[in-house]
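Peer 1: pasted the sequence and its predicted model underneath.
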Amino acid sequence: HKVIDNEKIKNLCSFLESEIHPLYSLVRCIKKGVAFHHGGLLDVARLEIEDLFSSGVIKNLVCTSTLLQGVNLPADRIVVISPKIGNYELSQFEFLNLIGRAGRINTSLYGEIFCIELSDEEWAEERIKNEDKKEIVSSVLNKLNG
């Protein structure tokens, strides 16, 4: 991705670098037209990100359930990875509210919803507990012991 040359982007990046950290990951994202949005963001940053997304400067926005909490953004596509708010499953009403935010009359006539089901993390636990463990031999030690 190419770095976006936009005065609002530059100002927001300068603000985030000085107020949060010079290497804040959001800065790298914003410069390339991508941002993330969650309840823990500084209000100034959150509002500016919403404005940049609404105006089309930021093309992709990754967010938590903040999208359900009164944020009205013009999204053509919504990808739902986990239909939860924290540890709680979304109710049918909340889920329909979420997917109803894809596509707006003023931006497009229809929206797209992608629901990605991630399996439990139990598979990782099973692999860790697997009794058929293999010995790991360091290639550095092999070379040293020659």
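Peer 2: Okay, I see it.
Peer 1: element containing the most centrally placed residue in the chain, please.
Peer 2: Geometric centre of the chain, nearest residue: Val62, 3.1 Å, by C-alpha atoms, centre = their mean. Assigned by DSSP states H and E, Val62 belongs to strand 60-63.
Peer 1: so how far is the one helix or strand Phe95 maps to from its chain's centroid?
Peer 2: Here Phe95 sits within helix 92-99, counting by DSSP H and E. The chain centroid and the centroid of helix 92-99 are separated by 19 Å under C-alpha atoms, centre = their mean, to the nearest Å.
Peer 1: what's it packed up against?
Peer 2: Counting contacts by 3 or more C-beta pairs under 8 Å, 6 or more residues apart in numbering; DSSP states H and E, helix 92-99 is packed against strand 77-80. (C-beta placed from N, C-alpha, C; glycine too.)
Peer 1: and the residue nearest to the centre of the chain, bridged to which residues?
Peer 2: Phe36 (DSSP bridges).
Peer 1: point out where the chain drops to low pLDDT.
Peer 2: For the chain, applying pLDDT under 70 flags the ranges 1, 66-70, 104-107, 117-146.
Peer 1: any chance you could map the helices in it?
Peer 2: 7-19, 25-31, 43-54, 92-99, 122-129, 139-145 (DSSP state H).
Peer 1: and those: which comes nearest Asn72?
Peer 2: Closest of those to Asn72 is helix 43-54, at 8.7 Å (criterion: C-beta to C-beta).
Peer 1: that older thread, and the contacts of the helix holding Phe95?
Peer 2: Applying C-beta atoms under 8 Å, 6 or more residues apart in numbering, the contact partners of helix 92-99 are Ser65, Leu67, Leu68, Ile78, Val80, Pro83, Ile85, Leu90, Gly111, Ile113.
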